[in-house]
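Q: just coords:
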Ligand SMILES: [Zn+2]
């Protein structure tokens, strides 16, 4: 699939020009991190998602940096293109309950898999008990047709109840818009499919138990999306084995033009670390070849890394270790190493280095989890770990994950930990 080149004019709108920092001392590493997080999470990159070509703009910036650092192309290219279907919201989303407008992103979210609807809808309040039997369900559907449904969700974590609820939601979304109160904080995502009508998640504080009508405007567009992983190679003293560093640069984008998900921690922080490490190893020749990959499409279901593992642009059998970096912006409570149980030796090396230096508050082991881009490789038996920082701000997949409030508490310590780990690989 060919990707249309991004016009230079669009790049010129990115506010912060990245200077040529030679990241070496702690201050320079941190300053470089700050600059990249500020740039990637700025409104000019549109949350690096699916409106206004945000992810493509980010890809261009990272590619230019890899060029500047002198990283070699892979298969003759800086990019690995692929494509997938994604559900997007190109227009402003509007919701008013009984005439009172709710704030998108703060009072409510449109579920990522929502379809379109617009107009005035009377509200029918339903709970699980109203829908418990097929007869009752059929009767209720009749009453609800042409109306919007306020679905009263029971406060439960019971898996069976939640599965039943999900089935009902799907059913109801064939009949009309559905509103429900969010179970916790508003958390967004990316969907690759769409339901016929929208599902609206309402914040607890904005939920009205006895609302009678809504005015709604949601327009979705389910479309094919061309994306690109960005990669670069540094030649080591030996090419027999390969160390791979990865971090996804995509985020959730925008919910309509006016609601931005900046994704500072997730994962501008990890991309900045990828770039800091690329800068270091482009200067000092590493022991093994090192491949740096900034993945696209992670938030849509690990699309970039899944494609990369299938595409096999490099010898998967030669991978000494793959280190995935995602959510590195905090660190008050140290780091977690996902897949530590499968990569015991690697985990112990990190623990030993931390015991000697006392840099991190904690190095916590975690078993396999398919929660980021290491997963498609780990599933194929390739030695892979995923490192994230813990503690600090709780902003995640919401409008609050901003550069301004990202502490980067233990950033330089994590950087040194990674350098120790890479340099210590036998
Ligand atoms: Zn992430």
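A: Thanks, I have the structure now. Note that the structure is predicted; figures quoted are calculated from it, not measured.

Q: now the closest residue to the ion within the stretch 301-426 of the chain: how far from residue 350?
A: Residue of the stretch 301-426 of the chain nearest the ion, by CB to the ion: residue 326 (4.5 Å). Heads up, the C-betas are built off the backbone N, CA and C, glycines and all. Distance, residue 326 to residue 350, using CB to CB, to the nearest Å: 16 Å.

Q: before we move on, what about residue 204?
A: Distance from residue 204 to residue 350, counting by CB to CB: 40 Å.

Q: which stretches of the stretch 1-150 of the chain form helices?
A: For the stretch 1-150 of the chain, helices defined by DSSP state H, counting those that start in this stretch occupy the ranges 8-12, 26-40, 54-69, 134-144.

Q: Serialize those helices to JSON lines and add fields for mean neighbour count and distance to the ion.
A: JSON lines is the format used below for the helices of the stretch 1-150 of the chain (neighbours: other CB atoms under 10 Å; distance: least, CB to the ion, whole Å):
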{"stretch": "helix 8-12", "mean neighbour count": "10", "distance to the ion": "24"}
{"stretch": "helix 26-40", "mean neighbour count": "20", "distance to the ion": "12"}
{"stretch": "helix 54-69", "mean neighbour count": "21", "distance to the ion": "13"}
{"stretch": "helix 134-144", "mean neighbour count": "13", "distance to the ion": "37"}
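
Q: Check those for me: which has the lowest mean pLDDT.
A: Mean pLDDT is lowest for helix 8-12 out of the helices of the stretch 1-150 of the chain, coming in at a mean of 40.

Q: what does stretch 108-121 rub up against?
A: 87, 89, 93, 95, 102, 104, 147-148, 173, 176-177, 182, 186-191, 193-203, 206, 213-220, 255 (CB atoms under 8 Å, 6 or more residues apart in numbering).

Q: try 6 Å
A: For stretch 108-121, the external contacting residues (CB atoms under 6 Å, 6 or more residues apart in numbering) are 87, 93, 95, 102, 147-148, 177, 186, 188-191, 193-202, 214-220.

Q: now stretch 149-166
A: Residues beyond stretch 149-166 that count as contacts (CB under 6 Å, 6+ apart) turn out to be 123-128, 172, 178-180.

Q: Going by distance to the ion, which of these wins?
A: Using CB to the ion, residue 180 is the member of the contacts of stretch 149-166 that sits closest to the ion, with 25.3 Å.

Q: what's near enough to touch the closest one?
A: Contact partners of residue 180, counting by CB under 6 Å, 6+ apart, are 151, 153.

Q: Tell me, what's the model's pLDDT at it?
A: On pLDDT, residue 180 comes in at 95.

Q: So it lies in a strand, does it not?
A: Yes - assessed with DSSP: H, G, I helix; E, B strand; the rest coil, residue 180 lies in a strand.

Q: That one pairs with what?
A: Note on residue 180: beta-bridge partners by DSSP bridges are residue 151, residue 201.

Q: Select the helix or strand of this structure having the lowest average pLDDT value.
A: helix 8-12 (a mean of 40; mean pLDDT, DSSP states H and E).

Q: Next, please give the residue ranges for the strands of the stretch 201-350 of the chain.
A: 213-218, 221-234, 238-248, 253-254, 260-261, 288-295, 319-325, 335-338 (DSSP state E, counting those that start in this stretch).

Q: Reformat these as a markdown table; add mean pLDDT, distance to residue 132 and mean neighbour count.
A: Formatted as a markdown table, those follow (pLDDT from 0 to 100; distance: least, CB to CB, whole Å; neighbours: other CB atoms under 10 Å):
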| stretch | mean pLDDT | distance to residue 132 | mean neighbour count |
| --- | --- | --- | --- |
| strand 213-218 | 98 | 25 | 20 |
| strand 221-234 | 98 | 32 | 21 |
| strand 238-248 | 97 | 42 | 21 |
| strand 253-254 | 98 | 38 | 24 |
| strand 260-261 | 98 | 37 | 26 |
| strand 288-295 | 98 | 44 | 25 |
| strand 319-325 | 98 | 44 | 23 |
| strand 335-338 | 98 | 40 | 23 |
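
Q: distance of residue 101 from the ion?
A: Distance, residue 101 to the ion, using CB to the ion, to the nearest Å: 31 Å.

Q: Where do the domain boundaries of this structure fall?
A: 8-84+226-423, 94-218 (automatic domain parsing).

Q: highest average neighbour count across these?
A: domain 8-84+226-423 (a mean of 20; mean count of other CB atoms under 10 Å).

Q: Inside strands: which ones of the contacts of stretch 149-166?
A: 123-127, 178-180 (DSSP state E).

Q: wait, isn't residue 176 in contact with residue 141?
A: No - the pair residue 176 / residue 141 is not scored as a contact, 9.7 Å apart, by CB atoms under 6 Å.

Q: Pull the contacting residues for residue 293.
A: The contact partners of residue 293, by CB under 6 Å, 6+ apart, come to 229, 231, 246.

Q: Then residue 362?
A: With CB under 6 Å, 6+ apart, residue 362 has these contacts: 333-334.

Q: what do you get for residue 215?
A: 96, 120.

Q: how about 10 Å then?
A: Neighbour list for residue 215: 94-101, 118-121, 148 [criterion: CB atoms under 10 Å, 6 or more residues apart in numbering].

Q: Adding distance to residue 389 as columns, could you present the strands of the stretch 201-350 of the chain in CSV?
A: Below are the strands of the stretch 201-350 of the chain laid out as CSV (distance: least, CB to CB, whole Å):
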stretch, distance to residue 389
strand 213-218, 35
strand 221-234, 23
strand 238-248, 13
strand 253-254, 24
strand 260-261, 20
strand 288-295, 19
strand 319-325, 10
strand 335-338, 5
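
Q: Would you mind measuring from the residue nearest to residue 195 when sequence neighbours are not counted to the ion?
A: Nearest residue to residue 195, sequence neighbours excluded (CB to CB, 6 or more residues apart in numbering): residue 173, at 4.1 Å. In this view, residue 173 and the ion are 27 Å apart by CB to the ion.

Q: ok, residue 173 - contacts?
A: 111, 113-115, 117, 149, 194-199.

Q: could you redo the last one with a cut-off of 7 Å?
A: For residue 173, the contacting residues are 195-197, 199, taking CB atoms under 7 Å, 6 or more residues apart in numbering as the criterion.
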